[in-house]
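Student: Structure of the sequence below:
(one chain, ligands or ions: 2)
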Amino acid sequence: MAANAAPAHSAHPAHPARLARSAFGTFVDLLMPPVCAACKAPVVSQGYCADCWSSLPEISGSQCQSCGIPLPIAWQTEAVCLECRRAPPAWNRAIAPYVYAGTARQTLLAFKNGREELAGLMAQAMVRAGAPLLQPGALLLPVPLHRWRLWSRGYNQSLLLARAIARTTGLELRFDLLQRAKPTAKSNGLTRVGRVRNVRGVFRVPSDLRSGLKGRHVILIDDVLTTGATAAACARVLRRAGAARVDVLVHARVAQAEMPTYLATTSRRDADGQG
Ligand SMILES: [Zn+2]
Ligand SMILES: [Zn+2]
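Tutor: Ligands and ions are numbered 1, 2, ... in the order given. Sure thing, here's the model as predicted:
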């Protein structure tokens, strides 16, 4: 299998804040024992304390084969939720190891707020849950940040996750194929329609790089799937540029409060055909 593309480990912009932070992080690690990824209680090694580990909101058992939301009872494993049957997502299949709640949400917030060292732990869970997607020949693409946001934050958390997944699986990682053409407003608080509008025309594949996508099985990597507007916008652009299949792998997905009633009859093949 192809090893990680050479640039995967080298082309992350060297950001002064990031360099300072990682140097500081190494220094702090020497002085302080590791803490739980969620509650910050002292732990023996990188990971969760026993309480947080046992309360991780894992999506196990039945889940929508299209958008990955947990289905409320033990439906057949090939189920597709009503929402996806009504409006099939632009991607083929989305998988998340966790619901965005409790311990998983705390982990994501800590990761977003500078605990970059959590990427490996989070990627482990994503690799485990995402095994059906992480097939030989698949191409990992992190959802890009606009360079202004990248500059202010210092790193793209999707790229950190994608890189950790590439290291574990040996799959190829490209961060140049999918680009964010313009910055987007923060999507917190936006409705579903607002979020769709917010990402319209935002992503692009540079025309000279399109050949790299022809017929490829792409796996979009992001930290969290909310309404799916961002992932859908990316998937559409990638399809148009020639990708044969686009899946989505995230660490956690929001399980909508207004859960639709579920229909558990569609086969996986139907769902795949709809993307
Ligand atoms: Zn804990
Ligand atoms: Zn669904």
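
Student: mind checking the end-to-end distance for stretch 94-109?
Tutor: Criterion Cα to Cα, to the nearest Å; first-to-last residue distance in stretch 94-109 is 21 Å.

Student: can you check stretch 205-224 too?
Tutor: Length of stretch 205-224, first residue to last, Cα to Cα: 22 Å.

Student: now do stretch 167-182
Tutor: 30 Å.

Student: Stretch 205-218 too?
Tutor: This stretch, stretch 205-218, spans 13 Å end to end (Cα to Cα).

Student: how much distance is there from it to the middle of the chain?
Tutor: Relative to its chain's centre, stretch 205-218 lies at 20 Å (Cα atoms, centre = their mean, to the nearest Å).

Student: buried residues in that stretch?
Tutor: Using 16 or more other Cβ atoms under 10 Å as the test for burial, stretch 205-218 gives 205, 212-213, 216-218. In short, each C-beta sits where N, CA and C put it, glycine included.

Student: and what of stretch 48-57?
Tutor: Here stretch 48-57 shows 48-49, 52, 56-57 as buried, counting by 16+ other Cβ under 10 Å.

Student: sorry, back to before: biggest separation within the buried residues of stretch 205-218, which pair?
Tutor: Spatial extent of those (Cβ to Cβ) is set by the pair 205 and 217 at 15.6 Å.

Student: Stretch 213-224 - what's its average pLDDT?
Tutor: Averaging pLDDT along stretch 213-224 yields 96.

Student: Stretch 241-256 now?
Tutor: Mean pLDDT, stretch 241-256: 94.

Student: for stretch 161-169, same thing?
Tutor: Stretch 161-169 comes out at a mean pLDDT of 97.

Student: can you pull the buried residues of that stretch?
Tutor: Within stretch 161-169, the residues scored as buried using 16+ other Cβ under 10 Å are 161-167, 169.

Student: coming back round to it: just the closest of the buried residues of stretch 205-218 to ligand 2, please.
Tutor: Closest to ligand 2 out of the buried residues of stretch 205-218 is residue 218 (19.5 Å), distances taken as Cβ to the ion.

Student: Quickly check: the helix or strand harbouring that closest one near ligand 2 or not.
Tutor: Element membership of residue 218, judged by DSSP states H and E, is strand 217-225. No: applying Cβ under 5 Å from the ion, one finds strand 217-225 separated from ligand 2 by no less than 10.8 Å.

Student: Walk me through which strands that strand pairs with, and which way each runs.
Tutor: Its sheet considered, strand 217-225 pairs with strand 139-142 (parallel), strand 245-253 (parallel) by DSSP bridges.

Student: For the next helix or strand after it, name the packing helices and strands.
Tutor: Following strand 217-225 in sequence order, the next helix or strand is helix 229-240 (DSSP H and E). Packing contacts for helix 229-240, counted by 3 or more Cβ pairs under 8 Å, 6 or more residues apart in numbering; DSSP states H and E, involve helix 192-198, strand 203-204, strand 217-225, strand 245-253.
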